[in-house]
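*Asks:* build me a model:
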Amino acid sequence: MSTRCQIEFVSGDGKEDRNLTYRHSDGYPDGVIPDLKKFKKWLHSKPLSRIDSDKEYIAANWIYWCKMKIKEDFEQMNKKLGTGKKDGEGWEKLGYGICPLECFHGDIEYFYTIDVRKAKTWDIVVYEIRQEDWRKPITRKDFVEIKKETI
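*Replies:* Just a heads-up that it's a prediction; the model follows:
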């Protein structure tokens, strides 16, 4: 089973200051936080002024980076196997998406808030979803904070 999550990039205090993304697999903290660290390093590898704290660019680049990572991982696996097969071809088109604000997937296990207001450091808050009745829509009331980290 995949561990699904949603990741919210925040650049202010209002709803308009948020961009929400979806990740279908490896959504647990030990999968997401290392990827966010690598992504942040990649994002800032060439200084571009608008990217530093612009949540739209950051969210779009997050999805791009993750999809390219999927493609590279499958290419490396196929090269290692040396079978000539192209296992995983097309998978980069799946696995990540953009969500309407406050639209929480009913099957997520974790939710992340990434505060990108400071260009040099990002504050991450990790929430576990604890829902009493799976038939009801998930709301922020179902979020239980389990970890904070600055990267």
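
*Asks:* buried set for the lengthiest helix in the chain?
*Replies:* The longest helix of the chain (DSSP state H) is helix 55-81. Using 16 or more other Cβ atoms under 10 Å as the test for burial, helix 55-81 gives 55, 57-63, 65-67, 69-71, 74, 78. Quick note: C-beta positions are derived from backbone N, CA and C, even for glycine.

*Asks:* what helices or strands is the helix or strand following it leaning on?
*Replies:* Following helix 55-81 in sequence order, the next helix or strand is strand 96-99 (DSSP states H and E). Applying 3 or more Cβ pairs under 8 Å, 6 or more residues apart in numbering; DSSP states H and E, we find strand 96-99 packed against strand 18-23, helix 55-81.

*Asks:* His105: which of these is closest?
*Replies:* Across the helices and strands packed on strand 96-99, His105 has its closest neighbour in strand 18-23 (6.2 Å, Cβ to Cβ).

*Asks:* what angle separates that closest one from helix 55-81?
*Replies:* Inter-element angle recorded for strand 18-23 and helix 55-81: 20 degrees (by axes from the mean of the first three to the mean of the last three Cα atoms, to 10 degrees).

*Asks:* quick one: strand 18-23 to chain centroid distance?
*Replies:* Centroid separation for strand 18-23 versus its chain: 7 Å, with Cα atoms, centre = their mean, to the nearest Å.

*Asks:* partner strands of that strand and their direction?
*Replies:* For strand 18-23, the paired strands and their directions (DSSP bridges) are strand 5-10 (antiparallel), strand 96-99 (antiparallel).

*Asks:* most tightly surrounded among the ones you listed?
*Replies:* strand 5-10 (a mean of 23; mean count of other Cβ atoms under 10 Å).

*Asks:* relative to Phe143, how far out is Ile7?
*Replies:* Ile7 is 13 Å from Phe143, where distance means Cβ to Cβ, to the nearest Å.

*Asks:* that older thread, now render the strands paired with strand 18-23 as TSV, adding distance to Asn19.
*Replies:* Listed next are the strands paired with strand 18-23 as TSV, based on distance: least, Cβ to Cβ, whole Å:
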stretch	distance to Asn19
strand 5-10	5
strand 96-99	7
